[in-house]
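In: This is a predicted model, with the sequence first.
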Amino acid sequence: MGKGMNIALIAAGSFIAGILLAPKSGKETRKELMDKANQYKGKAEAGMDEVKKGAAAVKDELADSAETMMEIGKDAAGGVKRTANRVKKEASTRAKIVEGEVRQTAADARRAAR
């Protein structure tokens, strides 16, 4: 067990021993226990509210980040598409040039063979 857990157990044990050994009536002891329970319940609820607020903030931040990442992805995809189209056009142009050179070479070879 950690040091914090030991301290919490000692504190809880001391509190319970103090209540049980105190010269109070059962009714007073029960009331005191209920008061303490309500006090801790209130603290727990306040802590839970803080956790909920933090979780909501994280959720909103993650949603914003996801949206930003989607936009970046769309922009990147658009860039890839533009590059692919440019490469396709350039390849087509070069293919036509090579085709013309091949035809010219073939024509030159036929003339030389005559």
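Out: Happy to help now that I have it. Bear in mind the structure is a predicted one, so any value in this text is a computation, not a measurement.

In: just the helices in the chain please.
Out: Secondary structure of the chain by DSSP state H: the helices cover 3-21, 26-113.

In: Give me the buried positions along the shortest one.
Out: What it means is helix 3-21. For helix 3-21, a neighbour-count test (16 or more other C-beta atoms under 10 Å) marks nothing as buried. C-beta: built from backbone N, CA, C; applies to glycine.

In: Who are the packing partners of that helix?
Out: Counting contacts by 3 or more C-beta pairs under 8 Å, 6 or more residues apart in numbering; DSSP states H and E, helix 3-21 packs against helix 26-113.

In: hmm, back to that, comparing the helices of the chain, which yields the minimum mean pLDDT?
Out: Across these, helix 3-21 has the smallest mean pLDDT, namely a mean of 76.

In: tilt between that helix and helix 26-113?
Out: Counting by axes from the mean of the first three to the mean of the last three C-alpha atoms, to 10 degrees, helix 3-21 lies at 160 degrees to helix 26-113.

In: tally of neighbours for residue 29?
Out: Neighbour count of residue 29, defined by other C-beta atoms under 10 Å: 13.

In: For the most centrally placed residue in the chain, give its distance to residue 72.
Out: When C-alpha atoms, centre = their mean is applied to the chain, the residue found nearest the centroid is residue 62 (5.3 Å). Distance from residue 62 to residue 72, counting by C-beta to C-beta, to the nearest Å: 15 Å.

In: again, but for residue 106
Out: Counting by C-beta to C-beta - residue 106 and residue 72 are separated by 50 Å.

In: And for residue 12?
Out: In terms of C-beta to C-beta, residue 12 sits 52 Å off from residue 72.

In: swap in residue 53?
Out: In terms of C-beta to C-beta, residue 53 sits 29 Å off from residue 72.

In: do the same with residue 47
Out: 37 Å.
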